[in-house]
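S.K.: Fold the following and give me the result.
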Amino acid sequence: MQHPPALLARDPRVEIVYRPIDQLKPDPRNPRRHERKQIRKIADSIETFGFNVPILVDAELRVIAGHGRLLACRLLGRNEVPTISLEHLSEAQARAFMIADNRLTEIASWDDRLLGEQLRELSELNLEFSLEVTGFDMAEIDLFIEGASGTPKPDEDDLVPPVATGPAVTQPGDTWILGPHRIHCGSALDEAAYRPLMQEDRAAMVFTDPPYNVPIDGNVGGLGAIRHREFSMASGEMDEVQFTEFLTRALGHLARYSQDGSLHFICMDWRHIGELLAAGKSAYTELKNLCVWTKDNAGMGSLYRSQHELVFVFKHGRDSHISSSGAMAATAAMCGATPGSIPSAGRVPRETSLRCTRR
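M.R.: Below you'll find the predicted structure:
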């Protein structure tokens, strides 16, 4: 197809030229600001997908568009970048285009449902990269996925039957074999209890709901209609130092019998966040995140009736952890939540998982 000469002069053919970064001149009057967090996100995107959007420059190699990408490449230690010269633009046109290139993307909008569906489909794949390279934080991704999913009807097979009353059948030291699963009756503070439970296996994930060092009487129950026994330990009798040592010992055993890179989901109430963080810092490599489990009904309380449970996500070791979708799916399954109450519940990993419960 032949283009008129006037059109070619106004809209010339694009030619990509790789140039050393040091030759490019950022415009000090660029009104668009790039925060450090955004530059890091751009760098992650370039590392994952490659440098797919060249930097636009004028005839003097001044940057017209792509300041953020240039900063990201410097952060990555790259020496050259692809560029496109817009030397056909006048100085006034180049300045106006710099503004338009940023502003025109801002006035677009998202279809939240379609975006959530796309993110959900991606989260269910075995990706080799984090979904956060899309530019959205994981919390935002979860909300989009949850908004696109709706709340499915609970599966009748997931309903928990009522617990029969009578004398206890299981005694400390007993191990129940349930197909590929094992349930051991013992203390999470006693390393000897882990050996018959785990044998040669190591957990790929842990979900545990330790005692909160809060008395059961007055804090747990359906407004007096349901009466629970006090826990044998950490039921309000420990001070801050004792409870921190209690948690550190238990979490240390959990880490010891887990795979390198495993995620550990630890429930805790707001009163003892400090003790859990101190114990987690001693037992684990890092704190990955804090999840908030939204419950159907509020608990007891005079000032605020909590309708949530805090779930701290720690990582053991330095190997790569399981994907976010797999982690949340496993969390939903192990705490008995519906997919709607913990966002983006997908496939549950098949690896060994360990759950400790209160007694």
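S.K.: doesn't Glu47 fall inside a helix?
M.R.: Yes: according to DSSP: H, G, I helix; E, B strand; the rest coil, the state of Glu47 is that of a helix.
S.K.: The helix or strand encompassing Leu247: which residues count as buried?
M.R.: Using DSSP states H and E, Leu247 sits within helix 240-256. Buried residues in helix 240-256, defined by neighbour count with 16 or more other Cβ atoms under 10 Å: Phe243, Thr244, Glu245, Phe246, Leu247, Thr248, Arg249, Ala250, Leu251, His253, Leu254, Ala255. Glycine gets a C-beta too; all of them are placed from N, C-alpha and C.
S.K.: Surely the first one touches Glu275?
M.R.: Yes: because the distance of 5.0 Å satisfies Cβ atoms under 8 Å, Phe243 is recorded as touching Glu275.
S.K.: Now do the shared contacts for those two.
M.R.: Asn213 (Cβ atoms under 8 Å, 6 or more residues apart in numbering).
S.K.: The helix holding Leu247 packs against which elements?
M.R.: strand 203-208, strand 258-268, helix 273-283, strand 353-356 (3 or more Cβ pairs under 8 Å, 6 or more residues apart in numbering; DSSP states H and E).
S.K.: Swap in 6 Å and give it another go.
M.R.: helix 273-283 (3 or more Cβ pairs under 6 Å, 6 or more residues apart in numbering; DSSP states H and E).
S.K.: Rounded mean pLDDT for the helix holding Leu247, please.
M.R.: Taken as a whole, helix 240-256 carries a mean pLDDT of 94.
S.K.: Between helix 273-283 and it, find me the angle.
M.R.: Orientation of helix 240-256 against helix 273-283 (axes from the mean of the first three to the mean of the last three Cα atoms, to 10 degrees) gives an angle of 40 degrees.
S.K.: So which residues make contact with helix 240-256?
M.R.: Residues outside helix 240-256 that contact it (Cβ atoms under 6 Å, 6 or more residues apart in numbering): 188-189, 191, 194, 206, 213, 234, 275-276, 278-279, 282-283, 316.
S.K.: next one: it to chain centre, how far?
M.R.: From the chain centre to the centre of helix 240-256 is a distance of 24 Å (Cα atoms, centre = their mean, to the nearest Å).
S.K.: Keeping just the C-alphas, turn that helix into CSV.
M.R.: What follows is helix 240-256, C-alpha atoms only, in CSV (Å, rounded to 0.1, in the frame of the first residue of the first chain):
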residue,chain,number,x,y,z
GLU,A,240,4.3,-12.2,77.9
VAL,A,241,7.7,-13.8,78.2
GLN,A,242,6.2,-17.3,78.9
PHE,A,243,3.7,-17.1,76.1
THR,A,244,6.5,-16.0,73.6
GLU,A,245,8.6,-19.0,74.7
PHE,A,246,5.6,-21.3,74.4
LEU,A,247,5.0,-20.2,70.8
THR,A,248,8.7,-20.2,69.9
ARG,A,249,9.1,-23.8,71.0
ALA,A,250,6.0,-25.0,69.1
LEU,A,251,6.8,-23.0,65.9
GLY,A,252,10.4,-24.3,66.0
HIS,A,253,9.2,-27.9,65.9
LEU,A,254,6.8,-27.1,63.1
ALA,A,255,9.7,-25.5,61.1
ARG,A,256,12.0,-28.5,61.8
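S.K.: What subset of the contacts of helix 240-256 is buried?
M.R.: Ala188, Tyr194, Val206, Asn213, Ala234, Glu275, Leu276, Ala278, Ala279, Ala283, His316.
S.K.: now the stretch 251-359 of the chain, which segments are flagged as low pLDDT?
M.R.: 297-305, 323-359 (pLDDT under 70).
S.K.: The same query, at a cut-off of 80, please.
M.R.: Along the stretch 251-359 of the chain, the model assigns pLDDT under 80 to residues 295-306, 321-359.
S.K.: try the stretch 101-250 of the chain
M.R.: Applying pLDDT under 80 to the stretch 101-250 of the chain flags the ranges 139, 143, 146-164, 214-236.
S.K.: Kindly check the end-to-end length of stretch 103-122 for me.
M.R.: 28 Å (Cα to Cα, to the nearest Å).
S.K.: of the contacts of helix 240-256, closest to Gly173?
M.R.: Ranked by distance to Gly173 (Cβ to Cβ), the contacts of helix 240-256 are led by Tyr194 at 12.7 Å.
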